[in-house]
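Novice: sequence plus the predicted model coming up.
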Protein chains: 2
Amino acid sequence: MPRVGLKDLAKHLGLAEGTVSRAMNNYPDISLATRDKVQKAAAALGYKPNNTARRLATGRAEAVAYMMPTSRSAISTPFVSELLQGLGDALAKRAWDLLVVQPQTAEDELDTLRKLVASGKVSGVVLSRPAKTDNRIEYLKASGFPFIVHGRAKDARGYAWYDVDGQAAFADALDHLAALGHRRIGFIGAPSYQNFAQDRFEGYKAGLANNDFAFDPELVSIAELTDEGGERAASDLLAADVPPTALLCVNDVQAIGALAAIRAKGWVPGEDVSVIGYDGVWMGRHANPPLTTMAQPQSHSGRQLGDMLLSIIDGGDPTSFQVLRRAELVRRKSDGPPRAVISTIPTTSRERVK
Amino acid sequence: MPRVGLKDLAKHLGLAEGTVSRAMNNYPDISLATRDKVQKAAAALGYKPNNTARRLATGRAEAVAYMMPTSRSAISTPFVSELLQGLGDALAKRAWDLLVVQPQTAEDELDTLRKLVASGKVSGVVLSRPAKTDNRIEYLKASGFPFIVHGRAKDARGYAWYDVDGQAAFADALDHLAALGHRRIGFIGAPSYQNFAQDRFEGYKAGLANNDFAFDPELVSIAELTDEGGERAASDLLAADVPPTALLCVNDVQAIGALAAIRAKGWVPGEDVSVIGYDGVWMGRHANPPLTTMAQPQSHSGRQLGDMLLSIIDGGDPTSFQVLRRAELVRRKSDGPPRAVISTIPTTSRERVK
DNA sequence: CGCTATTCCGAAAGCGCTTTCGGTGACAAG
DNA sequence: CTTGTCACCGAAAGCGCTTTCGGAATAGCG
């Protein structure tokens, strides 16, 4: 089955290529009669335009790229497939393509991006998990190339982003624990060049300040974003002379590791030591015990990112697309009043579990 | 900063465009002297070839597509991001692009694929989770377009695939349970138009036959591939007059749901009722209790799929790329001898857990 | 030193589409 | 009947690169 091109179609119809092209693209200067005729014939012969030629001629790429985070830990990216789905949905309306680019190393990131925008392969980019100061963002801002970022860098001005407020979330979580009666609250974090890690750490400290607790470096431990990371960090923190009665973890998988560390000591999480995670991953409800967490809003972020990026490509002002969502406490079984304290009434209700 | 194109570069060097092009692509009929000169100048001026034009001229797409599974359940696709990473790595060696296409509905799949191959956007495709008889595979086979599938259809002849043997895995799992002393073993499955579901079901039945157990339709329940699905199916099965003493689940997330159902009845999973899952997802070890499962081999399947697809595009014989891996039992805490029976010695050792 | 082989590069023809520009015929207006 | 005005379509020039082909310059050889 030889590909049928525009030329074949034109010859078949006895029309000029240009005419056929315009007919296919619904130009107003083609009579409805011939337009119908052309489109019918196209369908009949199975004509599918060659996209590459089309792109070259129009200069429009009709595609956007998603740049994967380079972090090699597969665990840290369960959200990727959801995000891609959402992006795909957004692009489907225009039948645009989605390119996934994956820098091999962190140093390649900028260069990969440069090549990408120069190649003309895409007309917009979405970035994930920016560093605290991210040179990709600087570059894109300077070049005027349309882009949006999932998350924010420390400087969030002058570009489009979608993020959930990690700082507020951790301050809230800390308030919650304080209300339960906790006074020594530990923090398990991630390397702070990742801006989200920094954000959440700030939230922790802000929460401390709000409640007139002193910041104690002994109470924070930086670990990998894995269950083992959380486990190690938790057992370190818990080995102190006066261990914390509650642990705030930078994400759920660390928190789940922390639960294991607590059980390993023979303590029961949620009673002897409270643990609160962040993300709201599906598995949290099946953890042992079910994990209390600051859950990100469900609204399909990929879809939103896609829609916003398209608007920017259409000429919208990037700075008008900065949306900050708020995480929400979902209480399950891994938090409670500290052992040593007369139990106070919890301020929020627990999620029902079957 | 105006894009610097081939023309600019040529003018700058006082050479013909064609010469510069050949120099950039390391043609043998260009002297090393001018080649170096050209490549240096290219680097200096920041010349990046326009990929679209390049593709059009060469006819090579230098890109492959990954077609996402259409199933709307995000939970069923935690492996997507790993797979994409692997594919990305494989393609990176040639600097090829990875396109992610996402049919909006199951009916769109074939049409989307048709457009994709006709558009010339890619020179190969990878499919996931084929149906029992999958018309996409038929189409691609007939068209001669390079492709590979992650999984197999019922008819596995005449095309390339990478799969793990679900049938063997479930037969093995059943043997294991039989060796522990179980006689009534339930199966929680998925709709069988998905070939992997059918495969695993066959394995279950084969295992039954191997051990001279009768097949009892009362012991199988078909459910969604979610935790709730597993939970519902398990509580149905367990409500029988003579409930099964063990449950085989088509994947880990169902199995984790089944654990919840068992606990909800006040029973303890692994003692009153054994549960074995399939996949080996990360979370299994943190389930309550840690989940025994048939784990897929770790070897980065995305990477392998990518490498094989590239070989096929290079002209390799698709039928020479059919790799079948074997799943492996990893014992944790959700299996054991049935309550009513004098415990027999387990035949395999348990994974150590901290 | 003349002639044939090389080596290296320029010229030009595409790749398959889009889009501008101009021209033809029809039809209304003067 | 002439002129102007549309509505519609054909011709042709690209888009930015690759690649074939041939020709000029150089080298090799007797």
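Specialist: Sure, I can see it.
Novice: my guess is A:S221 contacts A:S235. True?
Specialist: No - using Cβ atoms under 8 Å, A:S221 is not in contact with A:S235, being 9.7 Å away. For every residue, glycine as well, the C-beta is placed using N, CA and C.
Novice: so who does A:L329 touch?
Specialist: The contact partners of A:L329, taken as Cβ atoms under 8 Å, 6 or more residues apart in numbering or on different chains, are A:D172, A:A173, A:H176, A:I276, A:T292, A:T293, A:M294, A:A295, A:T348.
Novice: between the residues you listed, which is closest to B:P337?
Specialist: A:T292 (35.3 Å; Cβ to Cβ).
Novice: just grab the bridge partners of that closest one for me.
Specialist: A:T292 has these beta-bridge partners by DSSP bridges: A:I276.
Novice: identify the residues contacting it.
Specialist: So A:T292 contacts A:G270, A:S274, A:V275, A:I276, A:G277, A:L329, A:V330, A:R331, A:R332, A:K333, A:S334, A:D335 (Cβ under 8 Å, 6+ apart).
Novice: ok, it to DNA strand D distance?
Specialist: Distance, A:T292 to DNA strand D, by Cβ to the nearest atom of the strand, to the nearest Å: 55 Å.
Novice: what's the answer for A:I312, then?
Specialist: Here the distance between A:I312 and DNA strand D works out to 22 Å (Cβ to the nearest atom of the strand).
Novice: which residues touch that residue?
Specialist: So A:I312 contacts A:G124, A:P146, A:F147, A:I148, A:A160, A:P318, A:F321 (Cβ under 8 Å, 6+ apart).
Novice: is it correct that the fourth one is in contact with A:F321?
Specialist: Okay, so that is A:I148. Yes - in this structure, A:I148 is within contact of A:F321 by Cβ under 8 Å, at 6.7 Å.
Novice: ok, those two, which is more surrounded?
Specialist: The residue with more neighbours, out of A:I148 and A:F321, is A:I148; 27 against 19, by other Cβ atoms under 10 Å in any protein chain shown.
Novice: looks to me like that one is in a strand.
Specialist: Yes - counting by DSSP: H, G, I helix; E, B strand; the rest coil, A:I148 is found in a strand.
Novice: for it, which non-adjacent residue is closest in space?
Specialist: Excluding its sequence neighbours, the residue lying closest to A:I148 (Cβ to Cβ, 6 or more residues apart in numbering or on different chains) is A:A160, at 4.2 Å.
Novice: and the gap between that neighbour and DNA strand D?
Specialist: 27 Å.
Novice: list the residues that contact the spatially most central residue of chain A.
Specialist: With distances taken as Cα atoms, centre = their mean, A:H150 lies nearest the centre of chain A, 5.0 Å away. Going by Cβ under 8 Å, 6+ apart, A:H150 touches A:L83, A:V126, A:L127, A:S128, A:R129, A:W161, A:Y162, A:D163, A:S301, A:L305.
Novice: what of A:D216?
Specialist: By Cβ under 8 Å, 6+ apart, the contact list for A:D216 reads A:R184.
Novice: tell me, what's the model's pLDDT at it?
Specialist: Confidence at A:D216, expressed as pLDDT, is 96.
Novice: check A:P346 too.
Specialist: Reported pLDDT for A:P346: 50.
Novice: A:P69 now?
Specialist: Reading off the model, A:P69 has pLDDT 86.
Novice: where does it fall, phi/psi-wise?
Specialist: phi -70, psi 140 (degrees, to the nearest 10).
Novice: settle this for me: it is touching A:L127, isn't it.
Specialist: No - A:P69 is beyond contact range of A:L127, at 9.0 Å (criterion: Cβ under 8 Å).
Novice: show me chain A divided up by domain.
Specialist: Domain ranges of chain A: A:6-49, A:63-164+A:299-326, A:166-296, per automatic domain parsing.
Novice: of the ones you listed, which stretch is the most buried?
Specialist: domain A:166-296 (a mean of 21; mean count of other Cβ atoms under 10 Å in any protein chain shown).
Novice: starting at the chain centroid, how far to that one?
Specialist: 21 Å (Cα atoms, centre = their mean, to the nearest Å).
Novice: likewise for stretch A:315-333?
Specialist: 11 Å.
Novice: sitting in helices, which of the contacts of A:T292 do you find?
Specialist: With DSSP state H as the criterion, helices contain none of those.
Novice: residues contacting A:T245?
Specialist: So A:T245 contacts A:H182, A:R183, A:R184, A:I185, A:V273, A:S274, A:P338, A:R339, A:A340 (Cβ under 8 Å, 6+ apart).
Novice: what about the nearest residue to A:W267 once chain neighbours are set aside, distance to chain B?
Specialist: Leaving out its chain neighbours, the residue that sits closest to A:W267 by Cβ to Cβ, 6+ apart is A:V273, at 5.9 Å. Distance of A:V273 to chain B, given as Cβ to the nearest Cβ, to the nearest Å: 16 Å.
Novice: right, and A:V273 touches A:S235 too?
Specialist: No - A:V273 is not in contact with A:S235 according to Cβ under 8 Å; the separation is 11.1 Å.
Novice: spatially nearest residue to the residue nearest to the centre of chain A, not counting backbone neighbours?
Specialist: With Cβ to Cβ, 6+ apart, the residue lying closest to A:H150 is A:S128, at 4.6 Å.
Novice: what do you get for A:S123?
Specialist: The shortest distance from A:S123 to any non-neighbouring residue, by Cβ to Cβ, 6+ apart, is to A:A61 (4.3 Å).
Novice: and that neighbour, helix, strand or coil?
Specialist: coil.
Novice: stretch A:40-58 near chain B anywhere?
Specialist: Yes - among the residues of stretch A:40-58, A:G46, A:K48, A:P49, A:N50, A:N51, A:T52, A:A53, A:R55, A:L56 lie within reach of chain B under Cβ under 8 Å from any Cβ of the partner chain.
Novice: next, the residue nearest to A:I148: phi, psi?
Specialist: Per degrees, to the nearest 10, the backbone of A:A160 is at phi -90, psi 140.
Novice: might you report the residue contacts of it?
Specialist: Applying Cβ under 8 Å, 6+ apart, the residues near A:A160 are A:F147, A:I148, A:V149, A:M308, A:L309, A:I312, A:P318, A:T319, A:S320, A:F321, A:Q322.
Novice: swap in 6 Å and give it another go.
Specialist: By Cβ atoms under 6 Å, 6 or more residues apart in numbering or on different chains, the contact set of A:A160 is A:I148, A:M308, A:I312, A:P318, A:F321.
Novice: how about A:D236?
Specialist: Counted by Cβ under 6 Å, 6+ apart, A:D236 has contacts A:S221.
Novice: and the residue in the stretch 201-350 of chain A positioned nearest to chain B, what element?
Specialist: Going by Cβ to the nearest Cβ, chain B is nearest to A:N288 of the stretch 201-350 of chain A, at 3.6 Å. Assessed by DSSP states H and E, A:N288 sits outside every helix and strand.
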